[in-house]
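J.: attaching a predicted model along with its sequence, questions to come.
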Amino acid sequence: MSKKTLNTIIKIFLSVTILWVGLSLMNSRSNRPGTSINSVQELFANFDPATVTDFNIQSPDGSITELTHLDDNWTVNGYSIEEASLNKLLDAIDENEVGSVVANNAENHGRMGLSADSTWRLEIIESESKKSTILIGHTGPTFPSVFTRVLDQDEVVLISADLRGAVTQSLTEWRDKTIITTDTIALSSILLDYGNATYRLDRSDTTWTMDGEVVDAAAVIGITAELSNMEASGFLDEGQSPSTENKRRIVAMDESGSIMNQLVLTGQGLTRHVQNPNSEIIFEIPSWQFSRIVPDIFMLVQDEEE
């Protein structure tokens with residue numbers, strides 16, 4: 001082998017070695033905590049819901065929705081979270097299809113809803129040193145799809161997922177709207193307090209009675225269905241007081257007379273207020289739901305058979 005050939009082989013070997021070392025360094029850097037995400041593709045490829053501690057969502061008006069994972073539980077702005085809303089977000093991130101780049105010029109961001117002053121921001125936090133922010137723009141040409149870009153990057157990518165719908169949920173949609181759940185199998189007695197009079201419903205097998213008279217079955221079904229799982233339509237804003245009109249109370253008791261659940265309900269009109277005495281949260285419910293769980297007393301009287 002000639003000296004020239006040997007030198008050529010050595011040069012090739014050194015070049016390959018340098019290239020390999022360079023690629024290895026780049027790969028190791030990309031896997032280090034705190035390394036910035038440079039593309040939508042990379043952000044979604046590296047997403048692991050098990051490692052996420054927080055999601056911070058900022059709307060175009062600057063309001064913040066904070067989703068926090070602590071002690072195996074998620075909260076939203078300090079409140080219990082609606083599991084379906086959380087799953088909607090996780091699914092939109094984890095099960096999307098990242099499409100092609102549709103724009104590289106920052107001048108296109110405005111028409112795609114990705115300008116810094118008009119976009120939705122989703123910050124994904126895994127640790128203090130590992131955070132990434134994706135901007136959520138307008139809905140794409142097909143549903144579900146949305147224009148996205150990574151913060152501080154001009155590249156716009158269309159992804160197939162309802163990520164916009166998941167991110168733009170209101171705080172009411174994010175919050176758990178469960179008012180109460182009750183084991184109706186163990187339910188034995190119900191007290192209905194109308195302020196000026198209190199009535200007691202007692203169960204014997206499958207029959208409910210009031211003052212020894214059989215109660216209308218349809219009315220009882222409505223009461224027990226709401227006690228089993230009562231959901232609110234919304235929440236009264238903090239700092240506001242519930243209505244004091246038409247105050248009613250319902251108390252659910254087991255066979256021993258122990259209180260299983262109780263609610264105070266008030267209000268007139270289409271929207272009424274509900275509160276568990278053991279909680280500061282004031283729920284809103286529609287009038288039909290109010291009338292179902294604490295019906296006017298005449299609704300409990302069973303029609304006599306002709």
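T.: Arrived safely, thanks for sending.
J.: could you tell me the end-to-end distance of stretch 117-134?
T.: Terminal residues of stretch 117-134 are spaced 14 Å apart (CA to CA, to the nearest Å).
J.: okay, buried residues for that stretch please.
T.: 119-126, 130-134 (16 or more other CB atoms under 10 Å). The C-beta positions use only the backbone N, C-alpha and C, and glycine is treated the same way.
J.: try stretch 39-51
T.: 40, 41, 42, 43, 44, 46, 47.
J.: where's residue 262, which helix or strand?
T.: When elements are assigned from DSSP states H and E, residue 262 belongs to strand 259-266.
J.: now do that strand, average pLDDT.
T.: In this model, strand 259-266 has a mean pLDDT of 97.
J.: neighbouring strands of that strand in the sheet, and parallel or not?
T.: Within its sheet, strand 259-266 is paired with strand 248-253 (antiparallel), strand 271-275 (antiparallel), according to DSSP bridges.
J.: what would these look like in CSV with mean pLDDT and distance to residue 197?
T.: Formatted as CSV, these follow (pLDDT from 0 to 100; distance: least, CB to CB, whole Å):
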stretch, mean pLDDT, distance to residue 197
strand 248-253, 98, 11
strand 271-275, 97, 20
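J.: any chance of the ones you listed in JSON lines, plus mean neighbour count and distance to residue 61?
T.: Formatted as JSON lines, the strands paired with strand 259-266 follow (neighbours: other CB atoms under 10 Å; distance: least, CB to CB, whole Å):
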{"stretch": "strand 248-253", "mean neighbour count": "20", "distance to residue 61": "38"}
{"stretch": "strand 271-275", "mean neighbour count": "21", "distance to residue 61": "25"}
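J.: nearest to residue 222, out of these?
T.: strand 248-253 (11.8 Å; CB to CB).
J.: among the buried residues of stretch 117-134, which lie within strands?
T.: Counting by DSSP state E, the part of those found in strands is 120, 121, 122, 123, 124, 125, 126, 130, 131, 132, 133, 134.
J.: right, and the strands paired with strand 259-266 - which one's nearest residue 96?
T.: strand 271-275 (37.1 Å).
J.: got the CA positions of the closest one in CSV?
T.: Extracted as CSV, the C-alpha positions of strand 271-275 are listed here (Å, rounded to 0.1, in the frame of the first residue of the first chain):
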residue,chain,number,x,y,z
THR,A,271,-80.7,30.0,37.2
ARG,A,272,-80.7,28.8,40.8
HIS,A,273,-77.9,28.4,43.5
VAL,A,274,-76.8,25.3,45.3
GLN,A,275,-74.3,24.9,48.2
